[in-house]
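A.B. asks: Below: sequence and its predicted model.
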Amino acid sequence: MQKEKSVAFKCVLLGDTATGKTSFIASLLENKFLKDYQSTIGASFSTYTIYYESIKITLNFWDASGNPRFSALTPLYFRQTDACLFFFDVANIDSFKKIKFHIDSVISVNSTTKLYAVGNKIDLEESRQISFEEAKNYFDNVGVIFWEISCKEKIMIQETARLIALNLLCI
Ligand SMILES: Nc1nc2c(ncn2[C@@H]2O[C@H](COP(=O)(O)OP(=O)(O)OP(=O)(O)O)[C@@H](O)[C@H]2O)c(=O)[nH]1
Ligand SMILES: [Mg+2]
């Protein structure tokens with residue numbers, strides 16, 4: 001019988017406070033939407049496993065708080081990571097503008113990590129402050145793979161994990 005191959009990757013979630021990082025994890029792992037906002041203290045760890053043919057891929061997620069109170073700690077998480085997933089809120093232009101700062105902070109200490117970005121809360125279409133095209137154009141220019149999600153409406157949640165896992169596996 002062929003032996004199952006296993007690989008594990010570390011993926012850090014970064015982005016401003018209240019952009020939906022913890023909501024993404026709750027949606028992915030528990031199929032739950034967190035209505036009441038509770039800012040993450042420091043960071044929290046969780047794992048998610050997917051299979052590609054006979055390969056078991058474990059994603060070890062570190063959900064880092066976007067609260068400035070913890071910003072001194074954040075580099076501890078992304079210094080040695082395989083992937084960073086940047087979050088912004090499509091209804092909050094400031095959270096998009098801050099992405100450049102988050103990307104620069106990562107690449108100044110880790111030049112090998114893969115970079116991904118998601119615009120969350122696309123259910124808030126009427127309050128949208130940044131278009132898909134504008135964001136895509138920006139991320140194409142800085143070499144970051146980008147797509148949009150909604151934790152509330154469960155749009156592109158499992159797909160986000162799968163996309164990252166397969167991309168890290170170089171498939
Ligand atoms: N409408 C809408 N609200 C969302 C969505 N995702 C998250 N939220 C709300 O946004 C708020 C913040 O969500 P969190 O997941 O706690 O944000 P966070 O990025 O982990 O915040 P920090 O831990 O402070 O860095 C909560 O009130 C959520 O209910 C979404 O897709 N749509
Ligand atoms: Mg959080």
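C.D. replies: Structure's in. What do you need? Ligands and ions are numbered 1, 2, ... in the order given.

A.B. asks: which residues touch the least confident helix or strand in the chain by mean pLDDT?
C.D. replies: None of the helices or strands of the chain scores lower by mean pLDDT, DSSP states H and E than helix 74-78, at a mean of 91. Outside helix 74-78, the residues within contact range by C-beta atoms under 8 Å, 6 or more residues apart in numbering are V12, L14, A43, W62, A64, S65, C84, S105, V106, V109, N110, T113. C-beta here means a position set from N, CA and C on the backbone, and glycine is covered the same way.

A.B. asks: Surely the first one is within a strand?
C.D. replies: So the one you mean is V12. Yes. Counting by DSSP: H, G, I helix; E, B strand; the rest coil, one finds V12 located in a strand.

A.B. asks: Excluding sequence neighbours, find me the nearest residue to F146.
C.D. replies: Among residues not flanking F146 along the chain, F139 sits closest, at 3.7 Å (C-beta to C-beta, 6 or more residues apart in numbering).

A.B. asks: which element is that neighbour on?
C.D. replies: Taking DSSP states H and E as the criterion, F139 maps to helix 132-142.

A.B. asks: near ligand 1 at all, the helix or strand that contains G119?
C.D. replies: Using DSSP H and E, G119 maps to strand 114-120. Yes. Judged by C-beta under 6 Å from any ligand atom, strand 114-120 comes into contact with ligand 1 through N120.

A.B. asks: ok, that strand: who's next to it in the sheet?
C.D. replies: Here strand 114-120 has these sheet partners by DSSP bridges: strand 83-89 (parallel), strand 145-148 (parallel).

A.B. asks: That strand relative to helix 132-142, how many degrees between them?
C.D. replies: Interaxial angle, strand 114-120 versus helix 132-142 (axes from the mean of the first three to the mean of the last three C-alpha atoms, to 10 degrees): 170 degrees.

A.B. asks: how about the CA coordinates for strand 114-120, as PDB?
C.D. replies: Taking C-alpha atoms only, strand 114-120 is exported to PDB below (Å, rounded to 0.1, in the frame of the first residue of the first chain):
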ATOM      1  CA  LYS A 114       4.300  33.600  -0.100                       C
ATOM      2  CA  LEU A 115       1.900  36.500   0.100                       C
ATOM      3  CA  TYR A 116      -1.800  36.500  -0.400                       C
ATOM      4  CA  ALA A 117      -4.500  39.100   0.200                       C
ATOM      5  CA  VAL A 118      -8.200  39.000   0.700                       C
ATOM      6  CA  GLY A 119     -10.800  41.800   0.700                       C
ATOM      7  CA  ASN A 120     -13.400  40.700   3.300                       C
END
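
A.B. asks: what comes into contact with that strand?
C.D. replies: By C-beta under 8 Å, 6+ apart, strand 114-120 touches 19-20, 23-24, 82-90, 96, 99, 103, 106-107, 130, 132, 135, 139, 143-151, 156, 160, 163-164, 167-168.
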